[in-house]
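I need the structure of the sequence given here:
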Amino acid sequence: MTSRRTLGGWLTVFERAARTGGRLLPGASLSRESGLSREALRKAMRRLELRKMVHRVGPGLYASALFPPSLEEVAMALGRPCYVSFESALSRYGILSQSPAALTCATRRKPSLLRTFAGEVLLRRLAGSRFWGFREERGILWAEPEKALLDWVYWKLQTEGAAPALDELSTEDLDRAKLAAWSLRYPSTVRRALGDLDAAPLKR
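Okay, the predicted model is just below:
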């Protein structure tokens, strides 16, 4: 079958593939839905990339410009295994007022900065013993608020030698019992850094 298709034809292919695999489109799904061989599909995708209709997310992985995935979805695919944490999770929960320029994630892989069509993903490596404390929401793994704070303080201490300023954080909704229990799985320097939170109102 020819790889020359109309815009409407490719829209149909993208819609069918998205229904089965989400907004990140594996080449195998596109090949199956279009009836094209893998080589013919690669050529077709290159042409569509030039027309800004398709983004190449990774090896054999694409996204339609008309049905684009979120940056979090891209991070889950390229950084696997990873979960959103640090500044990005703290900002989402309203604990940190400023939003980071890049999506910050914890990973068990090599740390890296991924520049994608949807934005930048900053992968920070955590040891397997600290890769926990997250939940899934619509396919995205998010750190619990308490875990995001612990990850952030730990990372700052490890990379900058000092804890971040905590007095301007909105921590009134944090579960202090959970934070105290989980902090035992981190170095004592993290617990000492969190001492400034003791005077803040506890979550009831």
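
Domain-wise, how is this structure divided?
Listed by automatic domain parsing, the domain ranges of the chain are 7-64, 72-197.

how about the longest strand along the chain: buried residues?
Longest strand in the chain, counting residues (DSSP state E): strand 119-125. Of the residues in strand 119-125, 121-124 count as buried by neighbour count, 16 or more other Cβ atoms under 10 Å. C-beta coordinates here come from the backbone N, C-alpha and C atoms, glycine included.

Rebuild these as TSV, extending it with pLDDT and distance to Lys178.
Below are those laid out as TSV (pLDDT from 0 to 100; distance: Cβ to Cβ, whole Å):
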residue	pLDDT	distance to Lys178
Val121	98	27
Leu122	98	26
Leu123	98	25
Arg124	97	22
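
how about low-confidence regions in the protein?
Residue ranges of the chain with pLDDT under 70: 1-8, 20-21, 196, 198-204.

Run through the helices of it in chain order.
All helices of the chain, identified by DSSP state H, fall at 7-21, 27-34, 38-50, 71-78, 86-92, 145-160, 176-183, 188-193.

Include distance to Leu169 and mean neighbour count when you put these into TSV, please.
Formatted as TSV, the helices of the chain follow (distance: least, Cβ to Cβ, whole Å; neighbours: other Cβ atoms under 10 Å):
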stretch	distance to Leu169	mean neighbour count
helix 7-21	38	16
helix 27-34	43	20
helix 38-50	42	15
helix 71-78	22	22
helix 86-92	8	22
helix 145-160	8	21
helix 176-183	12	16
helix 188-193	12	16
